[in-house]
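[1] here is my input; please provide its structure:
(chains A and B)
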Amino acid sequence: MKLKQIFSLSMIAMLIFMMTACSNSTDETASKQEQPKAAEEVKDLILATTTSTQDSGLLDVLIPMFEEESNTNVKTIAVGTGQALEMGTKGEADVLLVHAPASEQELVDSGDAVNRKRVMYNDFILVGPANDPAGIKGMEVGEAFQKLFNDGAVFISRGDDSGTHKKELDIWKSHEITPGDNAGYAETGQGMGNTLQVAAEKQGYVITDRATYLAQKENLDLEILVEGDEDLLNIYHVMQVNPEKHDKVYSEGAEEFVEFMINEETQKVIEEFGQEEYGEPLFFPYTE
Amino acid sequence: MDLLIEGLKKAIEMLISGDPEIFEITWLTLKVSLTAVLVSTFIGIPAGVILGLISFPGRRFVLILINIGMGLPPVVAGLWITMLLWRSGPLGSFSLLYSPFAIIMAQILVSLPIIIGLTCSAFQQIDEKMLLQIKSLGATRLQTVGLLVREVKIAILAAVIAGFGRVIAEVGAAMMVGGNIRGETRILTTSIVMEVSKGNFDVALALSFLLMSLAFFITFLLTNLQQRN
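    Numbers count the residues shown, from 1 in each chain, chains lettered A, B, ... in the order given. From the prediction side, this is the model:
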């Protein structure tokens, strides 16, 4: 009986010790981070962005650069562009980095977003199985979509209201096609990486941003079939959530971030990002 | 099969290389899960004892709620807490969303009903005759509870182990309320989801081995505590 009690007590003591040890360690790291700028308080900046900027690894390079030069701690929330924009309209984020120009304009018009600046672009590509059962290789994008629909080809859609999904829907719409009428059309409701994996597994066609595709190419049995069309341009904008409409927004930090994204030095980093690993840039500078 | 070996290799590689980020993520996972389980235990066991021993009007209804709570989907817990902590929500001014605190809240919400429910059912199973006997020997209330806790120790620890299992496995809520922010709220389960979506299956597998080792270690300690005579 005694042994048991001693053992239980020592277990509890150990747990408590661990808890205090961890709280100490966080205090230490926190104070270490704050030391150089002890006078000012480090403020949190919530950046709502698309999965492609995180999954490609670009933000892992840019965010530390920004944090170093500003007195801000960036909380990156990588979600679909639809959700990121919604966080903007609700004032739940301070700054947005997204790629759905038409929907972004709506936010600017409604006064939820201000200071919208063009940052970079890459392009969307249509990828599919290497043997290309529908035979769309080299077609124009509209033609290819029409052919895929007519053939009832397996087409995997994001279906998550993301920038890529919006782009895909725009293309269907401009050709007056209801993609759901095709029995081979499926929506994953997931991010780009997962959707590419589903497409590879089901030997389906899928529209993707080039960055995510290049980053995952080696895992996927999918090839680029349609590219280079003007319709397939993928443009990223950065914008602040309007502090006049949403009073809890950290607007100084947001403004700094917008400036940071379009300054020359950052643009150079964006241009060089991924060149070494993939042999080509994943994003191209594209300021106004 | 190749992938499995690759994952195992990667796991060993990651541990040997001493990548501080991996340790940070593992540490945060441990910290968050243990805090959540500890809080749930300290609230859940007394609540379970009261619910199991004292009958009051509406007790069955409370039990139904607790039993539903035992199966509360983490995404539901995550969604509720997100809305609570939003800047526009009732607790918005504390800016707690996307912090480890928010993850702990969500994990308490999903583990507390399990600990209350299982503790309560253990106490409800106690033989009436034993209760009478303890009373007849003149034990005070506190002494009674102390004796009974010893009697159902195995079941109580089973409740804690189940609660811990729920917490360490949790990903949906941690993703929503934590945001998987690098260096702040990235825990093992959310990093696994992220690495899978990036297509880094070897890293994801390596992290899964790490997570399972952690779960094994804690469960090993708790089970030993439970089985001690």
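
[2] show me what contacts A:E187?
    A:E187 is in contact with A:156-160, counting by CB atoms under 8 Å, 6 or more residues apart in numbering or on different chains. (Glycine included, C-beta is placed from N, CA and C.)

[3] oh sorry, the question was meant for B:E13
    The contact partners of B:E13, by CB under 8 Å, 6+ apart, come to B:A206.

[4] what sits against A:Q54?
    A:60, A:76, A:78, B:194.

[5] if we use 10 Å, what do you get?
    A:60, A:63, A:76-79, A:191, B:180, B:182, B:194, B:197-198 (CB atoms under 10 Å, 6 or more residues apart in numbering or on different chains).

[6] equivalent analysis for B:R186, please.
    B:21, B:24-25, B:28-29, B:174, B:178-180, B:194 are the contacts of B:R186 under CB under 10 Å, 6+ apart.

[7] could I get the full set of helices for chain A?
    Per DSSP state H, chain A carries helices over the ranges A:2-34, A:51-55, A:58-69, A:81-89, A:101-109, A:141-151, A:163-174, A:192-202, A:210-216, A:251-262, A:264-272, A:275-278.

[8] need the winner for burial among these.
    The highest mean neighbour count among the helices of chain A, using mean count of other CB atoms under 10 Å in any protein chain shown, belongs to helix A:51-55: a mean of 27.

[9] ok and the longest strand along chain A relative to helix A:58-69, angle-wise?
    Longest strand in chain A by number of residues (criterion: DSSP state E): strand A:113-129. In terms of direction (axes from the mean of the first three to the mean of the last three CA atoms, to 10 degrees), strand A:113-129 departs from helix A:58-69 by 150 degrees.

[10] now the terminal residues of stretch B:177-192, how far apart.
    This stretch, stretch B:177-192, spans 17 Å end to end (CA to CA, to the nearest Å).

[11] let me fix that: stretch A:161-181
    So stretch A:161-181: terminal residues 19 Å apart, CA to CA.

[12] does any part of it sit near chain B?
    No: counting by CB under 10 Å from any CB of the partner chain, chain B is not contacted by stretch A:161-181; separation bottoms out at 12.6 Å.

[13] grab the most central residue of chain B for me.
    B:V167 (3.1 Å; CA atoms, centre = their mean).

[14] need the next SSE after the helix or strand containing that residue, C-terminal direction.
    Per DSSP states H and E, B:V167 falls inside helix B:153-169. Past helix B:153-169, further along toward the C-terminus, the next helix or strand under DSSP H and E is helix B:172-173.

[15] that older thread, which of the residues in the helix holding B:V167 are buried?
    Buried residues in helix B:153-169, counting neighbours by 16 or more other CB atoms under 10 Å in any protein chain shown, are found at B:153, B:155-168.

[16] next SSE after the helix or strand of chain B with the lowest mean pLDDT?
    Lowest by mean pLDDT, DSSP states H and E among the helices and strands of chain B is helix B:2-17, with a mean of 82. Scanning forward in sequence from helix B:2-17 by DSSP H and E, the next helix or strand is helix B:20-53.

[17] quick one, that next one and helix B:153-169 angle?
    140 degrees.

[18] for helix B:20-53, packing partners?
    helix A:2-34, helix B:2-17, helix B:59-69, helix B:100-124, helix B:141-151, helix B:153-169, helix B:188-198, helix B:201-227 (3 or more CB pairs under 10 Å, 6 or more residues apart in numbering or on different chains; DSSP states H and E).

[19] same thing but at 6 Å, please
    helix B:100-124, helix B:153-169, helix B:188-198 (3 or more CB pairs under 6 Å, 6 or more residues apart in numbering or on different chains; DSSP states H and E).

[20] C-alpha coordinates for the second one, CSV please?
    Put plainly, it is helix B:153-169. Provided in CSV are the C-alpha atoms of helix B:153-169 (Å, rounded to 0.1, in the frame of the first residue of the first chain):
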residue,chain,number,x,y,z
LYS,B,153,-8.6,3.0,-8.7
ILE,B,154,-8.3,0.8,-11.8
ALA,B,155,-11.4,2.2,-13.4
ILE,B,156,-10.4,5.8,-12.6
LEU,B,157,-7.0,5.3,-14.2
ALA,B,158,-8.7,3.7,-17.1
ALA,B,159,-10.7,6.9,-17.4
VAL,B,160,-7.6,9.0,-17.4
ILE,B,161,-5.9,6.8,-19.9
ALA,B,162,-8.9,7.0,-22.2
GLY,B,163,-8.9,10.8,-21.8
PHE,B,164,-5.2,10.9,-22.7
GLY,B,165,-5.8,8.8,-25.7
ARG,B,166,-8.4,11.1,-26.9
VAL,B,167,-6.2,14.2,-26.4
ILE,B,168,-3.1,12.9,-28.0
ALA,B,169,-5.0,11.6,-31.1
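
[21] and A:T49, what does it touch?
    A:78, A:84, A:97 (CB atoms under 6 Å, 6 or more residues apart in numbering or on different chains).

[22] re the thing from before, quick one, the helix holding B:V167 and helix B:201-227 angle?
    With the same axes, to 10 degrees as the basis, helix B:153-169 and helix B:201-227 are set at 170 degrees to each other.

[23] mind showing which ranges of the stretch 1-150 of chain A have poor pLDDT?
    A:1-40 (pLDDT under 70).

[24] try it again at 80.
    For the stretch 1-150 of chain A, residues meeting the criterion pLDDT under 80 lie at A:1-41.

[25] nearest to A:G253, of the helices and strands packed on helix B:20-53?
    In terms of CB to CB, the element of the helices and strands packed on helix B:20-53 nearest to A:G253 is helix B:100-124, at 20.4 Å.

[26] how far does whatever helix or strand comes next after the closest one sit from the chain's center?
    Using DSSP H and E, the next helix or strand after helix B:100-124 towards the C-terminus is helix B:128-136. Distance, stretch centre to chain centre, for helix B:128-136: 34 Å (CA atoms, centre = their mean, to the nearest Å).

[27] report the angle between helix B:128-136 and helix B:141-151.
    Between helix B:128-136 and helix B:141-151, the angle comes out at 140 degrees (the same axes, to 10 degrees).

[28] with distance to B:N67 added, can I get the helices of chain A in a markdown table?
    Putting the helices of chain A into a markdown table (distance: least, CB to CB, whole Å) gives the following:
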| stretch | distance to B:N67 |
| --- | --- |
| helix A:2-34 | 28 |
| helix A:51-55 | 37 |
| helix A:58-69 | 43 |
| helix A:81-89 | 33 |
| helix A:101-109 | 43 |
| helix A:141-151 | 49 |
| helix A:163-174 | 39 |
| helix A:192-202 | 34 |
| helix A:210-216 | 43 |
| helix A:251-262 | 46 |
| helix A:264-272 | 53 |
| helix A:275-278 | 52 |
